[in-house]
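A.B. asks: okay, predicted coordinates and the sequence, questions at the end:
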Amino acid sequence: MSDLFWLTDEQMARLQPFFPKSHGRPRVDDSRVLSGIIFINRNGLRWRDAPREYGPAKTLYNRWKRWSDKGVFTRMMDGLASKGADRKTIMIDATYLKAHRTASSLRGKKGGSGRLIGRTKGGMNTKLHAVTDARGRPISFFMTAGQVSDYTGAAALLDGLPKAQWLLGDRGYDADWFRDALAEKGISHCIPGRKSRTKPVKYDKRRYKSRNRIEIMFGRLKDWRRVATRYDRCPTVFLSAVALAATVLFWL
């Protein structure tokens, strides 16, 4: 039995609406190329090491880069999540993703926002901020340099939060401004207070226990080697790898 990954006809039918239209000559077999892209990202291979069953490595890479630049893989996740997410309760958290030396050049393109890689105690890292639904399935992502606080990620994700009854977060999100912002949106919060607070914060400990689902989600994402270790210099391309992994693992 082959160890190669192949998308099923049913999975391809769900992804098809998000593919860009083909202009001029028809594209090479979408199923074969997309399956090859998934195989490379899941196993952390170089593009030149792609199994021959998926066709020329250059075809795989060109499709990956072109669709990443267009935001196709991010739209896949957003589109599927918008239809199937359980938004009654949402969760927010962040995790570190190790940057490989091939990606850790801090200088970006002139006028750009940089590589979104920063130095932390653990070395060069990118921080991935995520919002998930009640079952721990990712709804949205935001990426910053590794040394950036959880507050920054929370502020960036705040406007895009879906309508929900509850938001669960750890102590890293214990800030009065964040609690007030959630209240304005009509979202109740379940966030324990920092130990440095003079007045303890009450929270629903039983409800808080389900927050481990977002931790499990990060663990599953990191099973994909090109997510756990960042090889891509371009932040857009790396975010596409995260979105593609999330799509295959949670939404297909």
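C.D. replies: Here it is on my side, so go on. Numbering: from 1, shown residues only.

A.B. asks: use CA for all of it now, contacts and neighbours both
C.D. replies: OK.

A.B. asks: pLDDT below threshold where in the protein?
C.D. replies: The model of the chain has pLDDT under 70 over residues 1-2, 105-113.

A.B. asks: domains in it, by residue range?
C.D. replies: Using automatic domain parsing, the domain ranges for the chain come out as 9-70, 86-231.

A.B. asks: highest mean neighbour count out of those domains?
C.D. replies: Mean neighbours per residue, mean count of other CA atoms under 10 Å, is largest over those for domain 86-231, with a mean of 17.

A.B. asks: quick revisit: what would the domains of the chain look like in CSV with distance to Val237?
C.D. replies: Converted to CSV, the domains of the chain look like this (distance: least, CA to CA, whole Å):
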stretch, distance to Val237
domain 9-70, 5
domain 86-231, 10
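
A.B. asks: next one: the nearest residue to Asp133 once chain neighbours are set aside from Arg213, what distance?
C.D. replies: Closest residue in space to Asp133, ignoring its immediate chain neighbours: Ile90 at 4.5 Å, by CA to CA, 6 or more residues apart in numbering. Using CA to CA, to the nearest Å, Ile90 is found at 11 Å from Arg213.

A.B. asks: roughly how far apart are Ile38 and Gly44?
C.D. replies: Distance from Ile38 to Gly44, by CA to CA: 10 Å.

A.B. asks: and Ala164, by the same measure?
C.D. replies: Counting by CA to CA, the gap from Ala164 to Gly44 is 36 Å.

A.B. asks: then Asp29?
C.D. replies: From Asp29 to Gly44 the distance is 23 Å (CA to CA).

A.B. asks: and Asn212, by the same measure?
C.D. replies: Relative to Gly44, and taking CA to CA, Asn212 is found at 26 Å.

A.B. asks: please consider this matter closed, and thank you.
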